[in-house]
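Chemist: Below are the sequence and a predicted model for it; my questions follow.
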Amino acid sequence: MTVTQAAAERLIRIGEVARGAGVSVRAVRYYEQQGLLVAERSPSGQRLYRQDAVALVRFFQQMYAAGLTSRRIAELLPCWDSGHTDAEQRAMLHEERARIQAKVDDLQAALDRLDEVIALTDAHP
């Protein structure tokens, strides 16, 4: 899809999205390939994104880090876009939250154990 010059001024280029989100241009292209981002095209063929693409890419990064797949992230996007969910979406959101919380709890337990080892070794160098 191409855009007019006036509309293009409200959009940002792929490099700006990547810099703003702290990812590579390649990552932004990957998100587009996965159907997570939609790019418009300038008359010269450059990818152009809405201003909120930076926040979306940061969201994708967080969700990937938490172990979600591209497919699962795609299922979350309607919730992100509209702020509304149906019962199935809410159940999925709660399921993912519980899974992530369990991961956080495991990491906290590991951190606590490391703190114990550090305290022990600090006391007996």
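Modeler: Done, it's in.
Chemist: where in the protein is pLDDT low?
Modeler: 1-9 (pLDDT under 70).
Chemist: how does it look with 50?
Modeler: For the chain, the stretches flagged by pLDDT under 50 are 6, 8.
Chemist: Please go through the protein and pick out the longest helix.
Modeler: In terms of residue count, the longest helix belonging to the chain (DSSP state H) is helix 87-123.
Chemist: helices or strands next to it in the packing?
Modeler: Secondary-structure packing of helix 87-123 (3 or more Cβ pairs under 8 Å, 6 or more residues apart in numbering; DSSP states H and E): helix 70-82. For the C-beta atoms, the positions are set from N, CA and C on the backbone; glycine is no exception.
Chemist: relative to helix 87-123, how tilted is the helix it packs on?
Modeler: Angle between the axes of helix 70-82 and helix 87-123 is 110 degrees (criterion: axes from the mean of the first three to the mean of the last three Cα atoms, to 10 degrees).
Chemist: Residues in contact with helix 70-82: which ones?
Modeler: Applying Cβ atoms under 8 Å, 6 or more residues apart in numbering, the set of residues contacting helix 70-82 from outside is 34-36, 56, 59-60, 63-64, 68, 85, 89, 92-93, 96.
Chemist: just curious, which of these is nearest to residue 123?
Modeler: residue 64 (39.8 Å; Cβ to Cβ).
Chemist: measure the closest one to residue 76 for me?
Modeler: 12 Å (Cβ to Cβ, to the nearest Å).
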